[in-house]
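K.L.:
Only the shape, not the letters, is given here:
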């Protein structure tokens, strides 16, 4: 009886390190210094309900394929229907439910991901997290699938045990303003309150043109116990929810506006717009003005309660209305668009850019903005930090360009550390590993060019990986 040969592992120990021999040797030493440091994951979308339930993961498809919009969008772009990938529909029309068939649809098109970060992340997940071969293809799909199933059945692969296995010291989730935070309370009661923390995301209650705005406001009113009838009660309800988030361990807010507009409306104008929104009569110009005003208000609140303010603008979300109607949000149809940052942020920065209580982290998906606007802002305003390459820019080459572009103006210490921004729980260490390798390569070049001594490069590597994000997002007071 013959047995098929073992599938190969494909991860190279020097992946993403410089090709030039001298720099590669230096980068290896720098990477070794940070490779095993704990992960500080301060912006992501892992579901806290999954962590609180702590049940075994069901299958490879529901864990690794269906929720990963990076992966899904590539397959859809090549003509694979959402239905075939098991992405659920709002109207209840059946979609593929056989996880093995979904996995086969993915694995048989593995070549589509050549050269993409999705491939890097998936290979890392398979080999380094799940300890299974990563040589995917139509021929190996079932063998890899079965190996993953065997791993997921082990107790050390349950969600909470994976916090240790993945090396995650702290994990921040993203939670709407009206969220009751029940899962976080449950986790805190079991000793995870300082390890899995919420993040206050008020998009659904400040963007009055969203289809779910009224439901969000009504939910916030119900949970805060404040009847929202005017602008004053609306602000009181938001402040009440922020207090609840801080009490639950939150360290940051997160804002996913289309524009970076900030503004200052007087009380009467803000009240007029809010009252119109409550009646369902607000116009687009007023909606945009109110959203900009609320970003400035959020900066005021952060300067008072200490939550770090993260701004992620410039993405036209749910671009295809038919897909949104059929599938809802977060299925890959979000498209970057150019926006103004310097002028748009000026009203906020005029008031709070020098405030000692505010830390504002600015992200972008427009590479031109890094050097032209954001690095200069971070390089002069004490309240501003420059966020890592995010979403469409969380790729090795974009990360290299980021360091080359911003360091001249902002240095290393006006940046904020890496964020993984992922729902794919098992890919968190893969994404952080890519960042650590790219930073090691950048610092290695500075050492090789005699622009930075090795001891300072080692210290900087540790700071970028661990010290800066830990210091930037400190624990806040609890009720």
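P.N.:
Right, received. Where do you want to start? Being a predicted model, the structure only gives us computed values, none of them experimental. Numbering: from 1, shown residues only.
K.L.:
Next, count neighbours for the nearest residue to residue 399 once chain neighbours are set aside.
P.N.:
Nearest residue to residue 399, sequence neighbours excluded (CB to CB, 6 or more residues apart in numbering): residue 438, at 4.3 Å. Bear in mind the C-beta positions are built from the backbone N, C-alpha and C, glycine included. Here the count is done by other CB atoms under 10 Å, and residue 438 has 24 residues near it.
K.L.:
secondary structure class for residue 438?
P.N.:
Taking DSSP: H, G, I helix; E, B strand; the rest coil as the rule, one finds residue 438 in the helix state.
K.L.:
surely residue 336 meets residue 369?
P.N.:
No - in this structure, residue 336 is not within contact of residue 369 by CB atoms under 8 Å, at 10.6 Å.
K.L.:
Find the residues that touch each one of the two.
P.N.:
Taking CB atoms under 8 Å, 6 or more residues apart in numbering as the contact rule, residue 336 and residue 369 both touch residue 314.
K.L.:
Mark out where each domain of the protein begins and ends.
P.N.:
The chain is divided into the following domains under automatic domain parsing: 21-55+172-472, 56-157.
K.L.:
who's more crowded, residue 336 and residue 369?
P.N.:
A direct count of neighbours by other CB under 10 Å for residue 336 and residue 369 places residue 369 higher, at 23 against 15.
K.L.:
Burial check on the nearest residue to the more buried one once chain neighbours are set aside, number of neighbours?
P.N.:
On the basis of CB to CB, 6+ apart, the spatially nearest residue to residue 369 that is not a chain neighbour turns out to be residue 341, at 5.7 Å. Residue 341 has 22 neighbours, counted by other CB under 10 Å.
K.L.:
moving C-terminal of the least confident helix or strand in the chain by mean pLDDT, what's the next helix or strand?
P.N.:
Scoring the helices and strands of the chain by mean pLDDT, DSSP states H and E places helix 321-327 at the bottom, with a mean of 90. Per DSSP states H and E, the first helix or strand lying C-terminal to helix 321-327 is strand 335-336.
K.L.:
Now do the buried residues in the next helix or strand after that next one.
P.N.:
Next in sequence after strand 335-336, counting helices and strands by DSSP H and E, comes helix 342-352. By neighbour count with 16 or more other CB atoms under 10 Å, helix 342-352 contains the buried residues 344-345, 347-349, 351-352.
K.L.:
could these go into TSV alongside pLDDT and distance to residue 402?
P.N.:
Output for the buried residues of helix 342-352, formatted as TSV (pLDDT from 0 to 100; distance: CB to CB, whole Å):
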residue	pLDDT	distance to residue 402
344	98	21
345	98	19
347	98	27
348	98	23
349	98	22
351	98	28
352	98	25
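K.L.:
would you list every one of the helices in the stretch 1-150 of the chain?
P.N.:
All helices of the stretch 1-150 of the chain, identified by DSSP state H, counting those that start in this stretch, fall at 21-34, 48-53, 60, 69-77, 99-107, 117-124, 141-152.
K.L.:
Single out the most deeply packed of the ones you listed.
P.N.:
Among these, ranked by average contacts under mean count of other CB atoms under 10 Å, first place goes to helix 60 (a mean of 26).
K.L.:
Show me what that helix is in contact with.
P.N.:
Residues contacting helix 60 (CB under 8 Å, 6+ apart): 99, 103, 144-145, 148-149, 152.
K.L.:
can I get these in JSON lines with distance to residue 31 and pLDDT?
P.N.:
Converted to JSON lines, the contacts of helix 60 look like this (distance: CB to CB, whole Å; pLDDT from 0 to 100):
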{"residue": "99", "distance to residue 31": "36", "pLDDT": "97"}
{"residue": "103", "distance to residue 31": "32", "pLDDT": "98"}
{"residue": "144", "distance to residue 31": "27", "pLDDT": "97"}
{"residue": "145", "distance to residue 31": "32", "pLDDT": "97"}
{"residue": "148", "distance to residue 31": "27", "pLDDT": "97"}
{"residue": "149", "distance to residue 31": "32", "pLDDT": "97"}
{"residue": "152", "distance to residue 31": "29", "pLDDT": "97"}
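K.L.:
Could you dump the residues you listed into TSV and include distance to residue 301?
P.N.:
Shown next, in TSV, are the contacts of helix 60 (distance: CB to CB, whole Å):
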residue	distance to residue 301
99	44
103	45
144	48
145	48
148	44
149	47
152	42
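K.L.:
mind listing the strands for the stretch 201-350 of the chain?
P.N.:
Applying DSSP state E, counting those that start in this stretch to the stretch 201-350 of the chain gives strands spanning 252-255, 308-311, 315-316, 335-336.
K.L.:
ok now the second one, how far from the chain's centre?
P.N.:
Centroid separation between strand 308-311 and its chain, computed with CA atoms, centre = their mean, to the nearest Å, is 12 Å.
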